[in-house]
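Undergrad: coordinates only, sequence not included:
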């Protein structure tokens, strides 16, 4: 009788232990489900936030791109007027930026500044040839995109002022030596003598135009030997996306 009672007691204790264990397991399972649900909620919230951010960013990017193309068109229009030549010039400059792996903004800015400095003394084809040769010379110089843009600004400022000299010439010679060499080669002098000529105010827009018209073929031959760098390819990707967005 004692043995039977002890057995029953042990069975009851085991049953209670199993019951408590089952409750613990059920509680853990409930907590896991709650945690999983919370994580899914967080993931959904994160996705929605990311989508909203991407949408806002895309709108801003499209707006900046559209504004940029309008500014480029306006800059070219200052030279060509609102005529069919505006479209011809835009397409030509777009082709130059693609071929030379440079920004359309910088290319159009260079075109505008050179054209305004020569005041109609050269036709559009000659202006396009000069801009292309200068952009190729800048790439040959191995300049970064930032250095190239800075050199273009300095070159444009010098020509707009009537002659390339002083700080503007120094910037061109330091950051885009092939540009300076093209001018020196056209004049039949060395780079050292170029500074002397500049000090006399003789590096005007006409001299620069003639230099690159004379050196365009030689510069083009050098440029043809170059492969695109990663940075130039990345710049081109951004530019091409901009061209696509501009069509909308």
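TA: Noted; the coordinates are in hand. On a predicted model such as this, the values are computed, not experimentally measured, just so you know. Numbers count the residues shown, from 1 in each chain.

Undergrad: Which stretches in this structure count as helices?
TA: Along the chain, the stretches classed as helices by DSSP state H are 2-80, 84-100, 104-118, 124-140, 145-160, 166-175, 177-187, 191-199, 205-223, 230-246.

Undergrad: and the fifth one, which residues are buried?
TA: By that I understand helix 145-160. With burial defined by 16 or more other CB atoms under 10 Å, the residues of helix 145-160 counted as buried are 145, 147-156, 158-159. Quick note: C-beta positions are derived from backbone N, CA and C, even for glycine.

Undergrad: Can you check what angle separates it from helix 104-118?
TA: 10 degrees (axes from the mean of the first three to the mean of the last three CA atoms, to 10 degrees).

Undergrad: tell me what helix 145-160 is packed against?
TA: If contacts are counted by 3 or more CB pairs under 8 Å, 6 or more residues apart in numbering; DSSP states H and E, helix 145-160 sits against helix 104-118, helix 124-140, helix 166-175, helix 205-223, helix 230-246.

Undergrad: got a list of contacts for it?
TA: 102-103, 106, 109-110, 113-114, 116-117, 134, 138-139, 143, 164-169, 171-172, 175-176, 179, 203-205, 208, 231-232, 235 (CB atoms under 8 Å, 6 or more residues apart in numbering).

Undergrad: do the same with stretch 72-85
TA: 86, 88-90, 93, 104-105, 108-109, 111-112, 115-116, 124, 127.

Undergrad: now residue 112, nearest residue through space, not along the chain?
TA: With CB to CB, 6 or more residues apart in numbering as the criterion, residue 112 has its nearest non-adjacent residue at 4.6 Å, and that residue is residue 75.
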